[in-house]
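Novice: predicted model and sequence follow; I will ask about them next.
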Amino acid sequence: MSAAFHLAFPVRDIESTRVFYRDVLGCAIGRETDRWIDIDFFGNQISAHVTEVKQPSMTSVVDGVEVPLRHLGALLDSSSWRVLGERITSHGIEFLIPPTLRYEGKPGEQGTMFIQDPSGNGIEFKTFTHDDEVFATSS
């Protein structure tokens, strides 16, 4: 197995979480109980646990745009990123930040889009113009 991450996070309920991650984002569902559900999030394991969700409203300014400070995400190839953006749109999901090109003409140029799951968890999807610039610096 290649390196992947695991993240546990709070959700309000299992059903809306399952529907969102499976039907909207196209993620496979793994093990689940009435209190948690494992999700194959683009090759990474995320586990949604039912609890009283209290989402902080903190944001951070990135390239002049306020983004949710607490979020998870995935790096996708440009074709998959575009298809996912269309899929999100077709399901009527509102973008916090619509598909946008960030750092245009600079090292690390990337497409980005932000949404929230039904429990208010921030999710960002990125695609890099040049794959070798994922960790590029401006110098």
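Specialist: All right, it came through fine. Residues are numbered from 1 along each chain as shown.
Novice: from the contact counts, what lies against the helix or strand of the chain with the lowest mean pLDDT?
Specialist: The helix or strand of the chain with the lowest confidence, counting by mean pLDDT, DSSP states H and E, is strand 65-68 at a mean of 78. Contact analysis of strand 65-68 by 3 or more C-beta pairs under 8 Å, 6 or more residues apart in numbering; DSSP states H and E lists strand 59-62, strand 97-102, strand 110-116, strand 122-128 as its packing neighbours. Where you see a C-beta, it was placed from the backbone N, CA and C, and this is true even at glycine.
Novice: would you tell me which of those gets closest to Ala74?
Specialist: Distance to Ala74, taken as C-beta to C-beta, is lowest for strand 122-128 among those, at 5.7 Å.
Novice: list the pairing partners of that closest one within its sheet, with orientation.
Specialist: Take DSSP bridges as the rule and strand 122-128 pairs in its sheet with strand 71-75 (parallel), strand 110-116 (antiparallel).
Novice: so for Val83, which of these sits nearest?
Specialist: With C-beta to C-beta as the measure, strand 110-116 is the member of the strands paired with strand 122-128 nearest Val83 (12.1 Å).
Novice: pull out the buried positions in that closest one.
Specialist: 110-116 (16 or more other C-beta atoms under 10 Å).
Novice: report the angle between the axes of it and strand 97-102?
Specialist: Between strand 110-116 and strand 97-102, the angle comes out at 160 degrees (axes from the mean of the first three to the mean of the last three C-alpha atoms, to 10 degrees).
Novice: part of a helix, is Thr89?
Specialist: Yes - Thr89 sits within a helix when classified using DSSP: H, G, I helix; E, B strand; the rest coil.
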